[in-house]
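Undergrad: Provided below for reference: sequence and predicted model.
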Amino acid sequence: MIEIKELTQFYGKKIVLDHVNLTIETNEICALVGRNGAGKSTLINSLLGIIPVKKGTVKINGLKFSKRNSDIAFLPEKFMLYPPLSGLENMTFFALASSKTVDMVRIREILESVSLWEDRHLAIKNYSKGMLQRLGLAITLYQDSGILILDEPTSGIDPMGRKEILQILNSLKGKTILLSSHHLDEIRQLCTHVAYLEDCKIEKFTVDEFLETQRLGDNAL
């Protein structure tokens with residue numbers, strides 16, 4: 001569960017988030033939506049502890065955020081992978097970084113779930129953008145966190161790659177997900193709720209409520 005209360009963030013005199021309140025319940029899949037520059041990155045970075053909270057509180061599962069008690073795994077829009085290494089070598093490296101041990105059975109299960117096991121020995125400099133996104137997602141899932149924050153997970157991917165990512169996310173069970181997205185069709189297929197960020201404030205809707213207010217068909221947000 002994510003609880004944000006009266007969160008205010010600013011840069012100099014510019015207020016980006018103004019007394020924002022948002023609760024994402026356990027097992028909800030909530031899209032974070034807003035125009036470019038609306039403050040989505042600031043909100044995500046506040047949740048992750050990258051930006052200190054200036055005013056208000058952020059709680060994860062009832063506790064104030066700290067790296068020690070955080071149950072969050074984050075997939076950035078551009079995952080910093082190591083091109084000369086294979087998919088398996090990248091996966092192993094990040095597994096060691098997060099847990100100091102490597103569970104090869106779990107690695108195989110996850111790579112199979114994202115359809116990369118057969119390509120595990122291929123250097124990722126030869127991966128397509130979709131394959132790289134799936135590898136980043138696999139590394140994120142290895143942490144087995146209860147809360148996933150995904151920043152534009154299908155950005156720049158062709159329609160088939162987007163479909164594969166959405167299928168993987170739809171197959172996840174027992175996860176609370178905050179997903180930054182610009183695509184209404186993606187939100188419709190995957191999410192239960194939408195947090196709409198505008199004018200430094202957030203309003204939360206069910207997906208059906210949000211689609212009704214937008215009336216934009218399949219246009220990107």
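TA: Thanks, I have it.
Undergrad: any idea which element the residue nearest the centre of the chain lies in?
TA: Nearest to the mean C-alpha position of the chain, counting by Cα atoms, centre = their mean, stands residue 150 at 1.0 Å. Assigned by DSSP states H and E, residue 150 falls within strand 147-151.
Undergrad: residues making contact with that strand?
TA: 2, 41, 44, 47-48, 60-61, 71-77, 137, 140-141, 169, 172, 175-180 (Cβ atoms under 8 Å, 6 or more residues apart in numbering). Heads up, the C-betas are built off the backbone N, CA and C, glycines and all.
Undergrad: among those, name the buried ones.
TA: 2, 41, 44, 47-48, 60-61, 72-75, 137, 140-141, 169, 175-180 (16 or more other Cβ atoms under 10 Å).
Undergrad: now, those residues that are in strands?
TA: Here DSSP state E is the test, and those give 2, 60, 72-75, 176-180 as lying in strands.
Undergrad: pull the most distant pair out of these.
TA: Farthest-apart pair in these is 60 and 180; separation 17.6 Å (Cβ to Cβ).
Undergrad: tell me the SS of the closest residue to residue 81 other than its chain neighbours?
TA: Nearest in space to residue 81, with sequence neighbours left out and distances taken as Cβ to Cβ, 6 or more residues apart in numbering, is residue 90 at 5.3 Å. Secondary structure for residue 90, judged by DSSP: H, G, I helix; E, B strand; the rest coil, is helix.
Undergrad: now do the contacts for residue 90.
TA: 81-82, 124, 135, 139.
Undergrad: same check, this time on residue 207
TA: 31, 187-188, 191-194.
Undergrad: so where does residue 153 fall, helix or strand?
TA: Counting by DSSP H and E, residue 153 is part of no helix or strand.
Undergrad: pretty sure it contacts residue 179?
TA: Yes: counting by Cβ atoms under 8 Å, residue 153 touches residue 179, with 6.9 Å between them.
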